[in-house]
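Chemist: Provided below are the primary sequence and the corresponding predicted coordinates.
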Amino acid sequence: MNIDQLGIIFPQILIPDKKVNKQKWSVIACDQFTSNEDYWIKTARIVGGAPSAFHIIVPEVFIKSGDAAERIAHAKQTMRDYIEDGVLVSLPEGMILVERETPHGTRIGLVLAVDLEQYHTDAAKKPLIRATEKTVTDRLPVRINLREDAVLECPHVMLLLNDIKDTVTGPVYQIKERFSKIYSTPLMQNGGHVQGWFIDDPAVLESVKNALAALKANCKDNMLFAVGDGNHSLAAAKAVWDGRKGAMSAEEREKSPLRYALCEVVNLYDPGISVYPIHRVLFNVSDVSSTLRTIVSILNRSGQDAHMMYTRGTRSVQKDGVHIIRFESKMSKGHIEVKNPKNPLVSQTLTEALDALVLEMPRLAVDYIHGDEEFHAHTKQHGCLCFLM
């Protein structure tokens, strides 16, 4: 099968020079700790003036700080400086085998690039590379502006393969010692450890293509890749590409680097993959009871038969066909029961209700919180109403 039909290419990847402190270089994705500015302030202190990915991204916690334009300009200039000063060096065409150790296990992935012509957020179009969540509109402009006219990209996009027999990443991992290890470093702030091997052996690259082709031949509904993480990064890359390709010739469209986005491909069945819920937090809540009543009203107006109950804790008994939405604030705990949900997932039921709520109460803001520890920290703050997923 032609590599174009697989939606991938083996790109020339840039990595930090051997003199660069890799622990300071590596930072968490920009969409993490979006309501925890202290995490990013500590990251800035750790990094200091050393070369770091921190200086070429814009953490989303700062999106509404009023200086987003300055941060974007600084990031783009730093990218150019890193190229000119030799901070980054280019590898030949190939891919990187990544081993990431986390508190939840060890994950294996292949870093390569994907064709944005094969990606779409509309599942009805049956794209080869499929989005798995709706995008949050106010998170896209900064990423789009950062990508426009940038000399390099530094996203974290994880694509998942439905590869139960581990035919793509597994065979490459088994022979990793045949290849050069290009980095190995602990990650800051309890992030674990990461190491990578550069793969450019034509036979191995061909074996990866053949394994992907076999998966594609048997995939359902033409979906080879599902976006496991980085939906917004990929959506921003797609927006930039769609905005620029119209002014290009057919030959330019084929060769333009804007057409591609760097991704890590991971097997959905990798033992290091753990799927955790993403909690929701409402900010600027002046009256928790009134806000909860409005949410219940929104659900009932859509015919979903909802009612609210205050309790001593957020535990609740699951009932078949009933969605339980657990909430917690500084002064109250409880849950909302939705007896006639129109969506199959609780997260969908809550998301649609919160979208409608923000339209009725524009002063409110919604954020998406990863991790129970950060969630519970927000429940102790005034003005926060938190939903435990």
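Modeler: Nice, thanks for sending it over.
Chemist: out of everything not next to it in sequence, what's closest to the residue positioned nearest the centre of the chain?
Modeler: Nearest residue to the geometric centre of the chain (Cα atoms, centre = their mean): Gly230, 2.5 Å. For Gly230, ignoring the flanking residues on the chain, the nearest one in space by Cβ to Cβ, 6 or more residues apart in numbering is Val157 at 3.3 Å. Just so you know, the C-beta spots here come from the backbone N, C-alpha and C atoms, and that holds for glycine as well.
Chemist: okay, buried residues for stretch 268-281 please.
Modeler: Neighbour-count burial for stretch 268-281, counted by 16 or more other Cβ atoms under 10 Å, picks out Asp270, Gly272, Ile273, His279, Arg280, Val281.
Chemist: actually stretch 339-353, not the one I wrote
Modeler: Judged by neighbour count (16+ other Cβ under 10 Å), stretch 339-353 contains these buried residues: Pro341, Val346, Ser347, Thr349, Leu350, Thr351, Glu352, Ala353.
Chemist: the stretch 251-389 of the chain: helices as residue ranges?
Modeler: Assigned by DSSP state H, counting those that start in this stretch, the helices in the stretch 251-389 of the chain fall at 288-301, 346-360, 372-379.
Chemist: and what of the stretch 101-250 of the chain?
Modeler: For the stretch 101-250 of the chain, the helices defined by DSSP H, counting those that start in this stretch cover 140-147, 169-174, 202-218, 231-244, 250-255.
Chemist: out of these, which is closest to Leu385?
Modeler: Nearest of the helices of the stretch 101-250 of the chain to Leu385, taken as Cβ to Cβ: helix 231-244 at 24.0 Å.
Chemist: now the angle from the closest one to helix 140-147?
Modeler: Helix 231-244 and helix 140-147 are oriented at 60 degrees to each other (axes from the mean of the first three to the mean of the last three Cα atoms, to 10 degrees).
Chemist: residues in contact with helix 231-244?
Modeler: 31, 116-117, 119-121, 129, 131-133, 135-136, 139-140, 143-144, 146-148, 153, 155-157, 227, 256, 258-259, 261, 263 (Cβ atoms under 8 Å, 6 or more residues apart in numbering).
Chemist: of those residues, keep whichever come out buried.
Modeler: Among the contacts of helix 231-244, those classed as buried by 16+ other Cβ under 10 Å are 31, 116-117, 119-121, 129, 131, 135, 139, 143-144, 146-147, 153, 155-157, 227, 258-259, 261, 263.
Chemist: farthest pair in the buried residues of stretch 339-353?
Modeler: Spanning the widest gap among the buried residues of stretch 339-353 are Pro341 and Thr351, at 12.2 Å by Cβ to Cβ.
Chemist: wouldn't Gln318 be in contact with Glu337 here?
Modeler: No: between Gln318 and Glu337 there is no contact under Cβ atoms under 8 Å: 10.5 Å.
Chemist: and Lys339, how far is that from Val87?
Modeler: 58 Å (Cβ to Cβ, to the nearest Å).
Chemist: returning to what we had before: let me see the backbone angles for the residue nearest to the centre of the chain.
Modeler: The phi/psi pair for Gly230 (degrees, to the nearest 10) reads phi 90, psi 30.
Chemist: so what's it up against?
Modeler: Taking Cβ under 8 Å, 6+ apart, we find Gly230 in contact with Ala29, Pro155, His156, Val157, Met158, Cys263.
Chemist: ok, how many other residues are close to Lys209?
Modeler: If you count neighbours by other Cβ atoms under 10 Å, Lys209 ends up with 18.
Chemist: how much space is there between it and Leu91?
Modeler: With distances taken as Cβ to Cβ, Lys209 is found 19 Å from Leu91.
Chemist: neighbouring contacts of stretch 53-63?
Modeler: By Cβ under 8 Å, 6+ apart, the residues outside stretch 53-63 that reach it are 25-27, 30-31, 33-37, 39-40, 43-44, 47, 68, 71-72, 74-75, 78-79, 82, 138-139, 142-143, 146, 152, 154.
Chemist: please repeat the previous calculation with a cut-off of 6 Å.
Modeler: Residues outside stretch 53-63 that contact it (Cβ atoms under 6 Å, 6 or more residues apart in numbering): 25, 27, 30-31, 34, 37, 40, 43, 47, 71-72, 75, 78-79, 142, 146, 154.
Chemist: sorry, back to before: so Gln318 and Glu337 - more neighbours on which side?
Modeler: Taking neighbours as other Cβ under 10 Å, Gln318 and Glu337 compare with Glu337 leading, 19 against 7.
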